[in-house]
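1. Sharing a model that was predicted from the sequence below.
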Amino acid sequence: MSNNNEEIVGAALTPPPATRAVLAGRLLASIDASNQKEPERMDASEADETTITLTLDSELGQRLLQESSRHGLSPEQYAVRALEEHILRTERERREKAIALVQSWIDEGDEEEQKETWEYLVRVLDEDRTSVRKLFPEELKEVSW
């Protein structure tokens, strides 16, 4: 990856604290949603079937036959279960990585950066008011805010 691409990826992975807070909230809300559940496992015979033809090398084909026999399944049933388990595991790992990333943002806690972000937010909110009365009057700094 070129330096420019690395900078872009780095910037995308390290957004400012305010953006991280919004992303963290949305991500955690979507992950913790009470209506989420693990997808149910289904046999190929239970689903609307899609036929896929795979060409396996002899070693992998032999392993598939051995494992399916060991589990008392047809090679097709065993292959479907193995794919389902892999896909579910991949989805779960992806969620866990996203949670770990958000948690690292939360744990990072750069106080100076947070202070600068707060001061910027106060200034912008007071500048963009239609009223002459400030939301954050200077005389109340460190008293009420």
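-> Now that the structure is in, tell me what you want to look at. Numbering: from 1, shown residues only.

2. moving C-terminal of the biggest helix by length in the chain, what's the next helix or strand?
-> Using DSSP state H to define each element, the chain has its longest helix at helix 75-108. Downstream of helix 75-108, the first helix or strand assigned by DSSP states H and E is helix 111-127.

3. Now do that next one against helix 75-108, angle only.
-> 80 degrees (axes from the mean of the first three to the mean of the last three C-alpha atoms, to 10 degrees).

4. which helices and strands does helix 111-127 pack with?
-> Counting contacts by 3 or more C-beta pairs under 8 Å, 6 or more residues apart in numbering; DSSP states H and E, helix 111-127 is packed against helix 17-31. In this view, the C-beta of every residue, glycine as well, is placed from N, C-alpha and C.

5. mean confidence for the helix it packs on?
-> Averaging pLDDT along helix 17-31 yields 66.

6. Over to stretch 75-95?
-> For stretch 75-95, the per-residue pLDDT averages 92.

7. That one: which residues count as buried?
-> Neighbour-count burial for stretch 75-95 flags 78, 79, 80, 81, 84 (criterion: 16 or more other C-beta atoms under 10 Å).

8. Then stretch 120-136?
-> Neighbour-count burial for stretch 120-136 [16+ other C-beta under 10 Å]: residue 122.

9. Quote the end-to-end distance of that stretch.
-> Terminal residues of stretch 120-136 are spaced 12 Å apart (C-alpha to C-alpha, to the nearest Å).

10. Find me the pLDDT at residue 112, would you?
-> 80.

11. Repeat that for the one 3 residues further on.
-> Per-residue confidence at residue 115 stands at 81 (pLDDT).

12. ok, now how distant is it from residue 125?
-> 16 Å (C-beta to C-beta, to the nearest Å).
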